[in-house]
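Asks: Using only what follows, build the 3D model:
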Amino acid sequence: MPLDADVSPQLLVNIFEPKTPLHDGAVVISGNKIAAAACVLPLADDKDIAKELGTRHRAAIGASKESDSVVVVVSEETGKISVAKDGTLIADVREDVLKKILISNIVTKRFAVEKKERRNKIRNLREKLKREKNELKNKVKKTEEK
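Replies: Numbers count the residues shown, from 1 in each chain. All right, here's what the predicted structure looks like:
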């Protein structure tokens, strides 16, 4: 179900409240917005995945294989947090480790992309100014020749 809502702890708690319409399924967060909730993710069906892992964990692994996402999954039975990235599941992650994973994979990458985009814009502006300067020089030269 599409949402386009700002991410907040309160909203996430409400979404995952048992027996509510959005409880079952995944929440997709993109660009600091909750893009959708109650999403069904692709399941990993690899033979080497532990048999004790349920649908929720298989979906986390599957989604991380099919996209560049970092998937955080909370066990409904134990409340333990796991993280899936590039098809690999890191089980029973402590809160401080989760923060580090999210910062290094989301925040740091976003700043790197923004920095690269700024660098490209600056380079493009310099090239444009250089072209315009050369065009102006050529106009002045043609005017002086006449």
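
Asks: In the chain, which strand is the longest?
Replies: strand 33-39 (DSSP state E).

Asks: so residue 5 sits in a strand?
Replies: Yes: using DSSP: H, G, I helix; E, B strand; the rest coil, the assignment for residue 5 is a strand.

Asks: I'd say it and residue 12 touch.
Replies: No: if you go by Cβ atoms under 8 Å, residue 5 and residue 12 don't touch, sitting 10.1 Å apart. Bear in mind the C-beta positions are built from the backbone N, C-alpha and C, glycine included.

Asks: and this protein, what are its domains?
Replies: Domain ranges of the chain: 2-93, 94-146, per automatic domain parsing.

Asks: would you list the ones you listed in TSV and tack on mean neighbour count?
Replies: TSV is the format used below for the domains of the chain (neighbours: other Cβ atoms under 10 Å):
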stretch	mean neighbour count
domain 2-93	15
domain 94-146	10
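
Asks: between those, which gets the lowest average pLDDT?
Replies: Of all the domains of the chain, mean pLDDT reaches its minimum on domain 94-146 (a mean of 81).

Asks: so how far is it off the chain centroid?
Replies: Its chain's average C-alpha position is 22 Å from that of domain 94-146, according to Cα atoms, centre = their mean, to the nearest Å.

Asks: ok, back up a step: which residues do residue 5 and residue 12 both contact?
Replies: Jointly contacting residue 5 and residue 12 under the rule Cβ atoms under 8 Å, 6 or more residues apart in numbering are residue 34.
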